[in-house]
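> Sequence plus the predicted model coming up.
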Amino acid sequence: MEYENIEILFVEDSVDDAALTIRALNKSGFTHKLLHVKDGAEALDFLYCRGVFSSRNPNQFPNLILLDLKMPKVSGIQVLEQVKADKRMKSIPVVMLTSSNEGPDIERCFELGANSYIVKPVESDNFFKTIKEIGLYWMILSQPPHL
Amino acid sequence: MKKHISDGLETTHLLNLKNSEQKNQTAELIIANKEIALQNEDKENRAAELIIANKELIFQIQEKENRAAELVIANKELAFQNEEKENRAAELVIANKELAFQNKEKEKRAAELIIANKELAFQNKEKEKRAEELITANRELKNAEEDIRILNEELEQKVIERTAQLESANKELGSFSYSVSHDLRAPIRAINGYSKILLEDYVENLDAEGEKILQSIIYNSKKMGLLIDDLLAFSKLGRKPVTVAEIDMNGLVQQIKEELIFEKGDHIPEFDFEILPNAEGDKSLIRQVWINLISNAIKYASNKANTHIQIGSYLEENMVVYFVKDNGAGFDMQYYDKLFGVFQRLHSQEEFEGTGIGLAIVQKIVHRHNGNVWAESELEKGSCFYFSLPAIN
């Protein structure tokens, strides 16, 4: 039952960023059920109940997707594109997390329907603060869509 | 002749009167008369004939006279004609002489023409030579043109190659920037983050020295992050296109001042504003120039009891010169050449924080606007930074 009732789907290939992000959320007092997957392919497997996720309830969707941009196999943009093109999932808020504001990604992400685009701060205090604010805004302040 | 005829008639008349007396004789006389009459008749005939002949003669004489007159006339005519012919001959002689003269002239002319012809032939030859020379010169010119064309083509090729090299270098720089910002930031974030976790959750396992070292790791990784961000911002400037429009300078500077004061919180500096003329520039870039200069002024004057910042401008030729003057720490003008260098600092990190990119960014932006940037300063008295932008016509 570990894949049931997932509230936050966290897609991040960097073990370190994942550890720091999860710690930041825990330290900030969020108790939401979070699933960390290591790339876009795993994220799509989860959302479409494939592979190791084939037994999970296909009618359940997370309330928030935290999506890293640059990942092996399937990139964050590709996951975003599929999620926002899927009638059942397009209302799930997707927050893009990226290591840099370089490259032509920002516009593309918003065109595809990303709800937010966050550059991960290098400095840990700022990083913790940013993650906390993301959680606060999307999981508490913002009303989740009725799926 | 007529006298003869009348004589005869008179005789005849006397005889007839004597007839009455002499009959015999009468008859004879008649006969004789008759004879005479006949003879008279003959004579008359002869006379008539003579008259005719006379007339004829007269006519002939007349004719001869006419002829003679005609001959005279004809002679006269001939004489006249002769004279004419002589005149003509004389004229012909003159004409001949004239002709001879003319011939001579013509010969002279012909000789002259031959000379002229020779001259012409010579000139023609010269012209041909010239033409040949011209053809040669033309050929040389064409060859030169061809050389130039080839050189131009080579140049164009080189330009194309260089442009391609530059483009690929730019692309490389772009992807380098991307990987610097993306790939270098992640490990620094990890170092900084984990250090922070150690400090927060495991500090009781460290002694004072260990904690100090941990603080240094956090501080340095943070600084490295800032340096990378600044370096990227600086390299981005070179690639960002400059879009020029009129900038409302008063509005822009006022807005920046408010933002900087808001960030600053306490120790609010005292601003002295002059009304600034507008200038041409890329608003987002010029905004960065003002932010860097004004925040520098605030920063370097922060040790003073009263931070006084003066912002003003003046016109110089076609440029507007803006300045930001502070009463801060200032700098030693002997290090002026390092002032606008990338990551060059004239103050220690302990004195004033900073990576040393701010003024390099200012210079790069102003230069991209064909403007200039310079400064004047005196240690402990303060600095004044100037930059120029094209004025509005």
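Perfect, thanks for sending it.

> and residue B:195, what is it in contact with?
By C-beta atoms under 8 Å, 6 or more residues apart in numbering or on different chains, the contact set of residue B:195 is A:124, B:214, B:217, B:218, B:221. (Each C-beta comes from the backbone N, C-alpha and C, glycine too.)

> phi, psi of the closest residue to residue B:230 other than its chain neighbours?
Among residues not flanking residue B:230 along the chain, residue B:357 sits closest, at 3.8 Å (C-beta to C-beta, 6 or more residues apart in numbering or on different chains). Backbone torsions for residue B:357, taken as degrees, to the nearest 10, come to phi -110, psi -20.

> wouldn't residue B:357 be in contact with residue B:232 here?
No: with contact defined as C-beta atoms under 8 Å, residue B:357 does not count as touching residue B:232 (10.0 Å).

> which one of these two has more residues nearby?
When neighbours are counted by other C-beta atoms under 10 Å in any protein chain shown, residue B:357 and residue B:232 differ, and residue B:357 comes out ahead with 22 against 19.

> Return the distance of that one relative to residue B:282.
19 Å (C-beta to C-beta, to the nearest Å).

> Smallest distance to chain B belongs to which residue of chain A?
residue A:122 (3.1 Å; C-beta to the nearest C-beta).

> Give me the three-state assignment for the closest residue to residue B:371 other than its chain neighbours.
The shortest distance from residue B:371 to any non-neighbouring residue, by C-beta to C-beta, 6+ apart, is to residue B:388 (4.3 Å). Secondary structure of residue B:388, reduced to three states by DSSP: H, G, I helix; E, B strand; the rest coil: strand.

> So which other helices or strands are in contact with the helix or strand containing residue B:55?
Secondary structure from DSSP states H and E places residue B:55 in helix B:23-179. With contacts taken as 3 or more C-beta pairs under 8 Å, 6 or more residues apart in numbering or on different chains; DSSP states H and E, helix B:23-179 sits against helix B:2-19, helix B:208-239.

> That one vs helix B:208-239, what angle?
170 degrees (axes from the mean of the first three to the mean of the last three C-alpha atoms, to 10 degrees).

> So which bits of whichever helix or strand comes after helix B:23-179 are buried?
Counting by DSSP H and E, the element after helix B:23-179 in chain order, helix or strand, is helix B:185-201. Within helix B:185-201, the residues scored as buried using 16 or more other C-beta atoms under 10 Å in any protein chain shown are B:185-186, B:188-199.

> Quick check: phi and psi at residue A:70.
According to degrees, to the nearest 10, residue A:70 has phi -100, psi 110.

> What residues does it make contact with?
Here residue A:70 is in contact with A:13, A:76, A:98, A:99, B:182 (criterion: C-beta under 8 Å, 6+ apart).

> of all those residues, which comes closest to residue B:367?
Closest to residue B:367 out of the contacts of residue A:70 is residue B:182 (28.6 Å), distances taken as C-beta to C-beta.

> one step back: how far does the helix holding residue B:55 sit from the chain's center?
Relative to the chain's own centre, helix B:23-179 is displaced by 54 Å; criterion: C-alpha atoms, centre = their mean, to the nearest Å.

> what does stretch A:114-126 give?
From the chain centre to the centre of stretch A:114-126 is a distance of 13 Å (C-alpha atoms, centre = their mean).

> Just the residues contacting that stretch, thanks.
Outside stretch A:114-126, the residues within contact range by C-beta under 8 Å, 6+ apart are A:17, A:20, A:80, A:84, A:93-101, A:105-106, A:109-110, A:127, A:129-130, A:134, A:138, B:185, B:188-189, B:192-193, B:195-196, B:218, B:221-222, B:224-226, B:228-229.

> buried sites along it?
Of the residues in stretch A:114-126, A:114, A:115, A:117, A:119, A:120, A:121, A:122, A:123, A:124 count as buried by neighbour count, 16+ other C-beta under 10 Å.

> For chain A, what's the nearest residue on the stretch 201-350 of chain B?
With C-beta to the nearest C-beta, the shortest gap between the stretch 201-350 of chain B and chain A falls at residue B:225, namely 3.1 Å.

> Leaving out the residues flanking it, which one is nearest to that residue?
Distance criterion C-beta to C-beta, 6+ apart; nearest residue to residue B:225, sequence neighbours excluded, is residue A:122 at 3.1 Å.

> and the residue nearest to residue B:230, how far is that from residue B:340?
For residue B:357, the distance to residue B:340 - C-beta to C-beta - is 11 Å.

> And for residue A:95, the neighbour number?
A count of nearby residues for residue A:95, using other C-beta under 10 Å, gives 19.

> near chain B, which residues of chain A show up?
Contact residues, chain A versus chain B (C-beta under 8 Å from any C-beta of the partner chain): A:14, A:16-17, A:20, A:23, A:70, A:98-103, A:120-125, A:127-128.
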